[in-house]
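K.L.:
have a look; sequence and predicted model below, questions after that.
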Protein chains: 2
Amino acid sequence: MMQEPRLALIGFGNVGQGFTRILRDRGDDIAQRFGVRFRIVAVCDLLKGSVYNSAGLSPGDLLASIEAHGDLSGVTASETSWDALATIERSDADALVEISYTDLETGEPALTHIKAALGRGMHVVTTNKGPVALFYPALRKLAAENDVRIGLEGTVLSGTPALRLGLDVLNAASIRSVEGIFNGTTNYILTRMEQGATYAEALAEAQDKGYAEADPTGDVEGHDAAGKVVILSNVLMDAPITIADVEREGITGLTPEDIEAARAEGKRWKLIGRVARTAQGVSASVKPVMLPVEHPLASVSGATNAILYETEVLGSVTLSGPGAGREETGYALLSDLLAIYT
Amino acid sequence: MMQEPRLALIGFGNVGQGFTRILRDRGDDIAQRFGVRFRIVAVCDLLKGSVYNSAGLSPGDLLASIEAHGDLSGVTASETSWDALATIERSDADALVEISYTDLETGEPALTHIKAALGRGMHVVTTNKGPVALFYPALRKLAAENDVRIGLEGTVLSGTPALRLGLDVLNAASIRSVEGIFNGTTNYILTRMEQGATYAEALAEAQDKGYAEADPTGDVEGHDAAGKVVILSNVLMDAPITIADVEREGITGLTPEDIEAARAEGKRWKLIGRVARTAQGVSASVKPVMLPVEHPLASVSGATNAILYETEVLGSVTLSGPGAGREETGYALLSDLLAIYT
């Protein structure tokens, strides 16, 4: 029996388009292999418009409209005026795909969207770090009360299954600590500095390639990585810390001399996020660390991300893969949805 | 509601003892967290004896008897004369833990044990490469016909979830190829040769540490890695190749000059197993490859193993972790059992 879950997408930026592209290109294959055909019935984006069609919106049409008009005005829809909450309340969707913009201070507006959906008995999948970093325990409780699930694989390492590895597989091996390279922009900058660039040159390149934003503070001062450390602590360690609990230092203080000094010792600087169990609970930090080149995280270069689990039974287990990207992050949503529906 | 699956262990060597140690030390925690209390009701080992107790055998007693006597004679049991097949047929177990010795030519005796168990409607978990490398399609079919499952995570990379990563997470990302370092003994030897040892010295050290057997042929000529490549092809690529289809070359031909020549080019020799989709099906190989030091597999050193998935959606995703070890491999069995029962 083919399942046909109805999806409402709130937000239709890079990640939403990447997810939609996967459904366009692989929807038939997924239906055949997993017995699930995902049907987008509503898309609502502050800038690009709002469309709803009970019979489903074609992924190809959604993408073609963005391509042709930069918005959703080219999509045939029965409703085009719903805001995010109306979409959640009236679209009769089975699952919310929450991919609006990230706010690490308030979690809004995603927080309101997620609560509304969970409260109505909808599953939620999201790549939005804000609400998860800030309110995971409350959201998990609300999901359990409504007998639905929250998928959040894409909040850390995009489609690379960093959370799944810990939650589904290593959870019985007693996780002592989780650390990793959780920000591709800073890792790219550090890699380029090792190759001889100054910090300013490397940052400009990263901005040029679209890795770093015009205001790079969130990346280079470690805020983004700190948000991910909070998520890891909440999700994997059951330790409800907040972002204020994370000791944080960015990479802006690193000089070419520091890079060279590390090299002379057979080491490399990496911006390492870490959460570890302690007698008092957990300790959490984001800071530049000099790693010996043989360390499993030392050879992770460029925009690649990685996570290292230290466990009692298995010792170290390390996973590396893409940390960002449209389809890469969109895949996290698909992966979460498949976990819910298969 | 606590589930209490009854387990029959066929084989009680290193892996069986490692698994039993995990149940002894973590059984309460697992029961509390997962709602499953695994109960060993039978253990049958050709050399160490056979014990059955319908009410369950204490993991601590089993291990204490091995410690004190080198066999199971110190365990209180209602039956002590059953052979492997009698144990499977008469122990009323829900799942077979097949961890007898590996034979990559016939798959026996594990093949007979697994077929008997599946035919009786028992789940099977195994770390035994022989039957899986040789007969996976038939075993999968038999399991499906009897509505039970086969867990085989431990056949590749011990408890590191190499197969799970592909089967549960990356399967929708279109896997193009799988390659990796699948044999810790040869990787240890190559690592030591890079540090200046000759092949003969490095092999002697590996034997001394218990990584390599007295007759190291299976490892150094690539047979062990080839068996794993066959498993990966069957399980992940749905391509039922056999060991004869694997192009195979070991590491015995590598000289200190070869190692040095690689270093001069900024490269490292690794014994790489690989299976890749082709227009005609798959190609499979095990052979020494010179990898640039920045390659994700180049920095995997010592007895660590690693697997690299090349996918259409996510690009490269790499997992590294232990490739062997008592508890590390025992954990694969636990992980498979938890996947079946939770």
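P.N.:
Structure received.
K.L.:
smallest distance to chain B belongs to which residue of the stretch 151-300 of chain A?
P.N.:
Of all residues in the stretch 151-300 of chain A, residue A:299 sits closest to chain B, at 3.9 Å by C-beta to the nearest C-beta. For the C-beta atoms, the positions are set from N, CA and C on the backbone; glycine is no exception.
K.L.:
for that residue, which three-state class applies?
P.N.:
With DSSP: H, G, I helix; E, B strand; the rest coil as the basis, residue A:299 sits in coil.
K.L.:
show me the contacts for the closest residue to it other than its chain neighbours.
P.N.:
Leaving out its chain neighbours, the residue that sits closest to residue A:299 by C-beta to C-beta, 6 or more residues apart in numbering or on different chains is residue B:299, at 3.9 Å. Taking C-beta atoms under 8 Å, 6 or more residues apart in numbering or on different chains, we find residue B:299 in contact with A:293, A:294, A:296, A:298, A:299, B:293.
K.L.:
10 Å instead?
P.N.:
By C-beta atoms under 10 Å, 6 or more residues apart in numbering or on different chains, the contact list for residue B:299 reads A:293-300, B:268, B:270, B:291, B:293, B:306, B:320.
K.L.:
do the same with residue A:24
P.N.:
With contact set as C-beta under 10 Å, 6+ apart, residue A:24 has these partners: A:58, A:59, A:60, A:61, A:62, A:63, A:64.
K.L.:
the same query, at a cut-off of 7 Å, please.
P.N.:
Contacts for residue A:24 were tallied using C-beta atoms under 7 Å, 6 or more residues apart in numbering or on different chains; they are A:59, A:60, A:63.
K.L.:
and for residue A:67?
P.N.:
Counted by C-beta under 7 Å, 6+ apart, residue A:67 has zero contacts.
K.L.:
secondary structure element for it?
P.N.:
helix A:59-69 (DSSP states H and E).
K.L.:
show me which residues of the stretch 201-342 of chain A are close to chain B?
P.N.:
Residues of the stretch 201-342 of chain A lying near chain B by C-beta under 7 Å from any C-beta of the partner chain: A:294, A:296, A:299, A:301, A:313-322, A:327-328, A:331, A:334-335, A:338.
K.L.:
out of the contacts of residue A:24, flag the one nearest to chain B.
P.N.:
Nearest to chain B among these: residue A:59, at 14.8 Å, using C-beta to the nearest C-beta.
K.L.:
nearest spatial neighbour of that closest one, skipping sequence neighbours?
P.N.:
Nearest one to residue A:59, counting by C-beta to C-beta, 6+ apart, is residue A:24 at 3.7 Å.
K.L.:
and that neighbour, how far from residue A:64?
P.N.:
10 Å (C-beta to C-beta, to the nearest Å).
K.L.:
likewise residue A:133?
P.N.:
To residue A:64, residue A:133 is 35 Å away according to C-beta to C-beta.
K.L.:
more neighbours: the two, which one.
P.N.:
When neighbours are counted by other C-beta atoms under 10 Å in any protein chain shown, residue A:133 and residue A:64 differ, and residue A:133 comes out ahead with 25 against 14.
K.L.:
in what element of secondary structure is the more buried one found?
P.N.:
Following DSSP H and E, one finds residue A:133 within helix A:129-145.
K.L.:
need the contact partners of stretch A:134-142.
P.N.:
The contact list for stretch A:134-142 (C-beta under 7 Å, 6+ apart) reads A:107, A:111, A:114, A:115, A:118, A:119, A:131, A:150, A:231, A:234, A:235, A:240.
K.L.:
wait, the first one sits on residue A:129?
P.N.:
To tie it back to what came earlier, the one meant is residue A:107. No - using C-beta atoms under 7 Å, residue A:107 makes no contact with residue A:129, being 8.9 Å away.
K.L.:
in space, what's closest to residue A:323 - neighbours in sequence excluded?
P.N.:
Residue A:323 sits nearest to residue A:305 (C-beta to C-beta, 6+ apart), 3.0 Å away.
K.L.:
that neighbour against residue A:185, yeah?
P.N.:
No - the criterion here is C-beta under 7 Å, and residue A:305 misses it with residue A:185 at 10.5 Å.
K.L.:
enumerate every residue touching residue A:211.
P.N.:
With C-beta under 7 Å, 6+ apart, residue A:211 has these contacts: A:184, A:185, A:188, A:303.
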